[in-house]
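Engineer: Let me see the structure of the following:
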Amino acid sequence: MLTLNLPEAPLRLVCRKDRTMVFDILRHRYITLTPEEWVRQHFVHFLIAHKGYPAALLGNEISLALGDTKKRCDSVLYDTQVRPRMIIEYKAPHIELTQKVFDQISRYNIALKVDYLIVSNGLTHYCCHVDYAAGTYTFLPDIPDYCNL
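Structural biologist: The predicted model follows:
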């Protein structure tokens, strides 16, 4: 797989039935390794090991209802009262982070109303803070450490 703009992660890989699988430390099971999953696993390890995010407050593939449709957020960070605080959307490294990606995560936020939105393709990462009182959002220069949220 492609080298990402993230620290190396101690991923556990196995081959099963001609497929490479990666162990997801949040779902506690092996998942088929796709380019998007490669990004997700590296990003989750980055948040935990380098940014101090508690693994117990992170979830992968979180279901939500948007009107009559069901969607899944790639990752969600919760607070200690299990309220969503951050949505993270991953794309494969070859996928450009366009307005369409930001529209997707914004739709998810209609249901969750989080404080932070992150999109990443493993090479480029964007994080913004949502200020509901002012009705604005601000792009941050870096992914914040957990203690600064």
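Engineer: only C-alpha atoms for contact and neighbour calcs from this point on.
Structural biologist: Noted.
Engineer: Just the element for the residue sitting nearest the centre point of the chain, please.
Structural biologist: Nearest residue to the geometric centre of the chain (Cα atoms, centre = their mean): Ile88, 3.0 Å. Element membership for Ile88 (DSSP states H and E) is strand 84-90.
Engineer: Check which strands are paired with that strand and give the direction for each one.
Structural biologist: When pairing is defined by DSSP bridges, strand 84-90 lines up against strand 69-78 (antiparallel), strand 116-120 (parallel).
Engineer: Flag every buried residue along the longest one.
Structural biologist: It refers to strand 69-78. Buried residues in strand 69-78, counting neighbours by 16 or more other Cα atoms under 10 Å, are found at Cys73, Asp74, Ser75, Val76, Leu77, Tyr78.
Engineer: if I look at the fifth one, how far off is Arg19?
Structural biologist: Just to be clear, that refers to Leu77. 29 Å (Cα to Cα, to the nearest Å).
Engineer: returning to that earlier point: of the buried residues of strand 69-78, closest to Thr34?
Structural biologist: Asp74 (13.5 Å; Cα to Cα).
Engineer: Who are the contact partners of that closest one?
Structural biologist: Applying Cα atoms under 8 Å, 6 or more residues apart in numbering to Asp74 gives the contacts Arg40, Asn60, Glu61, Ile62, Ile87, Ile88, Glu89, Tyr90.
Engineer: rerun at 7 Å
Structural biologist: If you count contacts by Cα atoms under 7 Å, 6 or more residues apart in numbering, Asp74 has them with Asn60, Glu61, Ile62, Ile88, Glu89, Tyr90.
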